[in-house]
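# Requesting a structural model of the entry that follows:
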Amino acid sequence: MLLHTFIQNFHHRKQNKILIQKYYTQILLASRNLFFFDTVQIEDVTQKRLELLILHMCLATIQVRQLPHGNDIAQDLFDLFLMDMDINLREMGVGDLAVPKKMKEIGKLFYANLKHCDDTLFTMHDTHFEEHFCQQLAPQEHANLTQYLTECKQIIMQNATTDINNFPRFPQR
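Residues are numbered from 1 along each chain as shown. Down below sits the predicted model:
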């Protein structure tokens, strides 16, 4: 009986790992969409790419929380994000002693943006959600980014499915 439970948990964790990797890949692809750099004219620099990734991580986290066991999935997704950021920092030449400090900054930025999303996302007529990210990402060009963020908001608010293969969803560009 104990072996059966162990094998079942192992199989579940393996499936979960594949699912988390799939979600993270979708988040990366959405955050690297040329729409942001060509149409919205977000500056193509490391900091802005990180901010776009964090925006999409926050949106995905909110979507995934709606699933059964969503908090566990969201935590696994966040853990993968942090592991990826650690690897990227080291590949960019950040020293071993500086990586923890940078990771702390990334974590603070993520949680600050996630809190902002939690506080403002579900107020449909309030534009604080859109304004915050427009100021952060593209202070000079609001219209296209505001439209994208409004569509993200609508997707999240209309999302009543519990199909784990249908997450995360972002507007197509």
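
# going forward, measure contacts between C-alpha atoms and count neighbours the same way
Will do.

# Pretty sure residue 110 sits against residue 61.
No. The pair residue 110 / residue 61 is not scored as a contact, 10.7 Å apart, by Cα atoms under 8 Å.

# So the most centrally placed residue in the chain: helix, strand or coil?
Taking Cα atoms, centre = their mean, the centroid of the chain lies closest to residue 57, which sits 0.7 Å from it. Under DSSP: H, G, I helix; E, B strand; the rest coil, the three-state class of residue 57 is helix.

# begin at 31 from here
With the count now opening at 31, the last piece we talked about shows up as residue 87.

# what sits against it?
Contacts here follow Cα atoms under 8 Å, 6 or more residues apart in numbering; on that basis residue 87 touches 57, 108.

# quick one: it from residue 101, how far?
According to Cα to Cα, to the nearest Å, residue 87 stands 14 Å off from residue 101.

# again with residue 181
From residue 181 to residue 101 the distance is 24 Å (Cα to Cα).

# Buried residues in stretch 133-147, which are they?
Across stretch 133-147, burial judged by 16 or more other Cα atoms under 10 Å covers 133, 136-137, 139-140, 143-144, 146-147.

# next structured bit after the worst-scoring helix or strand of the chain on mean pLDDT?
Least confident helix or strand of the chain, by mean pLDDT, DSSP states H and E, is helix 32-61 with a mean of 72. Using DSSP states H and E, the helix or strand that follows helix 32-61 towards the C-terminus is helix 64-68.

# what's the nearest residue to residue 82 if we skip its chain neighbours?
The shortest distance from residue 82 to any non-neighbouring residue, by Cα to Cα, 6 or more residues apart in numbering, is to residue 61 (5.3 Å).

# residue contacts, the one you found?
Contacts of residue 61 by Cα under 8 Å, 6+ apart are 79, 82-83, 85-86.

# can you list those residues in a markdown table and add distance to residue 173 and pLDDT?
Output for the contacts of residue 61, formatted as a markdown table (distance: Cα to Cα, whole Å; pLDDT from 0 to 100):
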| residue | distance to residue 173 | pLDDT |
| --- | --- | --- |
| 79 | 19 | 96 |
| 82 | 17 | 97 |
| 83 | 20 | 97 |
| 85 | 17 | 96 |
| 86 | 19 | 96 |
